[in-house]
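Visitor: Dropping a prediction and its sequence here:
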Amino acid sequence: MDSKLTETMRDSVAGVSAYVSFEGLVAEAGLRRRHRAVVAAAVVLVLVLGVIVAPPLVGWQGQPATVGTTSGASEALSLPDRVGTPQLGAWSVQRRPVAAASMIFTAENWWYEPSSMGYVAAVSTSGDDYRLLFGGWGDPAGEEVLLSSDGGTVAMANELVELRTGKTRRLPSVSGTEETFPVAWSRGGDRLAVVGFDGRYMRQPDTTDAYTETRAVLAVWEIATNQLTTITELDPRTLFYGWLAAFGPDGRTLAYQSGRTITVITVGGEVRSRFTVPEGTQLAGKGTWTPDGRRLTLVTQRRCCDGDAYPSRWQLRTVDPNTGAELPTTTPLAEQAGLVALRLLGWAPDGAGVVVRYHPRPDAEVAGFGARDGITYGEWTKLETDVVALTDNGTRLLLAGTGEAMHGVDIADDVIASGRTHAGKLPPDGIGPQYRMYLKIAGLAIVAVLLIAGAAVLTNAILRRNHRRRRSGIGSAPGTDLASS
């Protein structure tokens, strides 16, 4: 065979794939099976993590009919004497429900990134465990975020939250209004007075725009039957939440205020009485009715007095619910000086009024009920609200926040009625357990991803190496020698 033909045959053979033995094919198939097995195992690990961890992370909203007001709370109810800033990443009620809360509180400075506005802290009746709820509106506890009498349910803008399950139920729309806010719980927890309102941003005298209520409607909601009874239209300029309405001890009578007029009605809407009060006077709070149901308690602000650093004093007085005539009282209701606001929560077993006191910031201008954004607005109110019982000797401190931990506060009626307090267990410092869990999950996810990537890279490298070896040792059929042909 001449040299030209030999060279042509060699070029042809060079384009033919290398001969691969049967053993090589078996080895490569086994390696590919092991590669797929490793990758599959890593994928399964990621899926298992997702199945175990994802549902609790997402949370769950129950069907409306599941939310009730029975908490199963401990009979030995007691109020912690102090509370502290909850951890960033503390458990939410949805993630870790509690039987009931002795109290709830809010502030706007717990965490600077992100702000705590919109979050509500609940302190459980057993163990003082802290739980977080998110309302979204940034409303203060005790004014627009209300704890039921047994501590089992929190009412906030547009929804109820059941603490023992974390499930929610939407508040009803009132006469077609856009938003629904709670204003008073009945003592038995079976009724909730609500206000439906419409609003829009409007230009203010100082040329700024502010959200302003343009229509407000009061209603009573029967929670179990979902029956809503519309009561009346309110003056939207005087929606002083926290001082707006209160149920009587029997749960079938409601006192509410619109402007300077106080009206007492049945829950069916029948008017029992109506009378006017002086300017600067409001229903005292959710504890407006005395325990015997025979008196209403009003709170009045006096702008005085010489020498006061913050010239604003508050006086509680009781009146006849039928006529509004002032009645003598046998319980101590001493005037409270130097406060932005005073709100009555209820009555201790010894007859002392239990009140929330809002303290002013240094050099703050005196605010009244008609103040823009509400009388307790943070611009002039310290986040150092406290709760005291009014006694013959002045006051008895019941609850305080550490530092500036507490602005708004509400306490379960059953806890107030127990008259018991205990040394509060403050939350620990550092990142909360929910965020620590997120970090652990992220770490496990990273490990799983690295396993998948490592298995893929290692197996691919072995396959490439074997492939290069086979190409470098191109074989031909046994007994053939082209060069010698």
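Guide: Nice, I can see it.
Visitor: Next up, phi/psi of the closest residue to residue 425 other than its chain neighbours, please.
Guide: Closest residue to residue 425 apart from its sequence neighbours, by CB to CB, 6 or more residues apart in numbering: residue 128 at 4.0 Å. Backbone N, C-alpha and C define where each C-beta goes, glycine included. As for residue 128, its main-chain torsions (degrees, to the nearest 10) stand at phi 50, psi 40.
Visitor: burial of residue 128, as a residue count?
Guide: By the measure other CB atoms under 10 Å, the count of residues near residue 128 is 19.
Visitor: Could you double-check that it lies in contact with residue 423?
Guide: No - counting by CB atoms under 8 Å, residue 128 does not reach residue 423; the two are 9.3 Å apart.
Visitor: Give the intersection of the neighbour lists for the two.
Guide: Shared contacts of residue 128 and residue 423 (CB atoms under 8 Å, 6 or more residues apart in numbering): residue 80.
Visitor: so where's the stretch 301-450 of the chain shaky on pLDDT?
Guide: 436-440 (pLDDT under 70).
Visitor: again, 90 this time
Guide: The stretch 301-450 of the chain contains residues with pLDDT under 90 at 303-308, 328-334, 363, 370, 372-373, 378-379, 392-394, 429-450.
Visitor: And for the stretch 51-200 of the chain?
Guide: If you take pLDDT under 90 as the line, the stretch 51-200 of the chain has these spans: 51-76, 108, 112-115, 117, 135-138, 199-200.
Visitor: what ranges do the helices span in it?
Guide: Assigned by DSSP state H, counting those that start in this stretch, the helices in the stretch 51-200 of the chain number zero.
Visitor: what about the strands in it?
Guide: 79-80, 82-83, 101-106, 119-124, 130-134, 146-147, 153-156, 159-162, 168-170, 179-185, 191-203 (DSSP state E, counting those that start in this stretch).
Visitor: Could I get the ones you listed in a markdown table, plus columns for mean neighbour count and distance to residue 252?
Guide: Shown next, in a markdown table, are the strands of the stretch 51-200 of the chain (neighbours: other CB atoms under 10 Å; distance: least, CB to CB, whole Å):
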| stretch | mean neighbour count | distance to residue 252 |
| --- | --- | --- |
| strand 79-80 | 22 | 28 |
| strand 82-83 | 22 | 34 |
| strand 101-106 | 28 | 26 |
| strand 119-124 | 25 | 28 |
| strand 130-134 | 21 | 29 |
| strand 146-147 | 27 | 19 |
| strand 153-156 | 26 | 19 |
| strand 159-162 | 22 | 21 |
| strand 168-170 | 18 | 23 |
| strand 179-185 | 24 | 13 |
| strand 191-203 | 19 | 8 |
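Visitor: could those strands be laid out in CSV, adding distance to residue 331?
Guide: Formatted as CSV, the strands of the stretch 51-200 of the chain follow (distance: least, CB to CB, whole Å):
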stretch, distance to residue 331
strand 79-80, 20
strand 82-83, 26
strand 101-106, 23
strand 119-124, 28
strand 130-134, 33
strand 146-147, 24
strand 153-156, 29
strand 159-162, 33
strand 168-170, 37
strand 179-185, 22
strand 191-203, 25
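Visitor: count of neighbours near the nearest residue to residue 165 once chain neighbours are set aside?
Guide: Distances taken as CB to CB, 6+ apart place residue 97 nearest to residue 165, at 5.5 Å, with adjacent residues excluded. Residue 97 has 17 neighbouring residues, counting by other CB under 10 Å.
Visitor: middle-most residue in this protein, spatially?
Guide: residue 133 (1.8 Å; CA atoms, centre = their mean).
Visitor: what's across from that residue in the sheet?
Guide: residue 120 (DSSP bridges).
Visitor: hang on, isn't it packed against residue 159?
Guide: No - checked against CB under 8 Å, the pair residue 133 and residue 159 is beyond contact range at 9.8 Å.
Visitor: Just say helix, strand or coil for residue 444.
Guide: Following DSSP: H, G, I helix; E, B strand; the rest coil, residue 444 is assigned to helix.
Visitor: any idea how far it is from residue 422?
Guide: Counting by CB to CB, to the nearest Å, the gap from residue 444 to residue 422 is 39 Å.
Visitor: Quick one: closest of the strands of the stretch 51-200 of the chain to residue 385.
Guide: When the strands of the stretch 51-200 of the chain are compared by CB to CB, strand 101-106 sits nearest residue 385, at 8.0 Å.
Visitor: helices and strands around the closest one, which ones?
Guide: Counting contacts by 3 or more CB pairs under 8 Å, 6 or more residues apart in numbering; DSSP states H and E, strand 101-106 is packed against strand 79-80, strand 119-124, strand 146-147, strand 408-411.
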